[in-house]
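In: task: produce atomic coordinates for the following.
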Amino acid sequence: MISDEVILSEAIRLVQDGVCVTFPVNGRSMLPFIVGGRDSVILEKPRELKVGDIVLAKADTGHFVIHRIESMDEKSLTLMGDGNLAGREHCSRSDVFAQVTWVVLPSGKRRSLGTFRFRLAAKIWYILLPLRRYLLWIYRKVK
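Out: Reported below is the predicted structural model:
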């Protein structure tokens, strides 16, 4: 059996070569926009990054994460998963290996992360951070 680390390193190599890679996600850190164990994401070579983009990066803890850029400066980024209540990760710009551009649902339907509607929903979700604990609880009970 091939380890997750080997698969991830191959995906990163392909993205760096300019290939779009569809990658399954696990975990709940990007709820409600990306559902781990159900959805996949399409990874592309990072373009001009901005706050609100979702990236695959190696956090300063040494773990790879697919999280949203919360803030950034010339050298570093602060990342936070949409399903996280407080936890943030930090990384340098050079530790960003891919940008997530699409979410692929189990039906095969793709949702673009770059649309005005999706970016607006993500901004509203960020503003609701103080209420996120309760909203995620409701989401998990309904789903």
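In: tell me which element the residue nearest to residue 106 when sequence neighbours are not counted is part of?
Out: Closest residue in space to residue 106, ignoring its immediate chain neighbours: residue 38 at 5.8 Å, by Cβ to Cβ, 6 or more residues apart in numbering. In short, each C-beta sits where N, CA and C put it, glycine included. Per DSSP states H and E: residue 38 is located in neither a helix nor a strand.
In: roughly how far apart are residue 104 and residue 82?
Out: Residue 104 is 17 Å from residue 82, where distance means Cβ to Cβ, to the nearest Å.
In: same question for residue 55.
Out: 13 Å.
In: residue 32: neighbouring residues, count only.
Out: Per other Cβ atoms under 10 Å, the neighbour tally for residue 32 reads 15.
In: and it, which of the three is it?
Out: In three-state terms, and counting by DSSP: H, G, I helix; E, B strand; the rest coil, residue 32 is coil.
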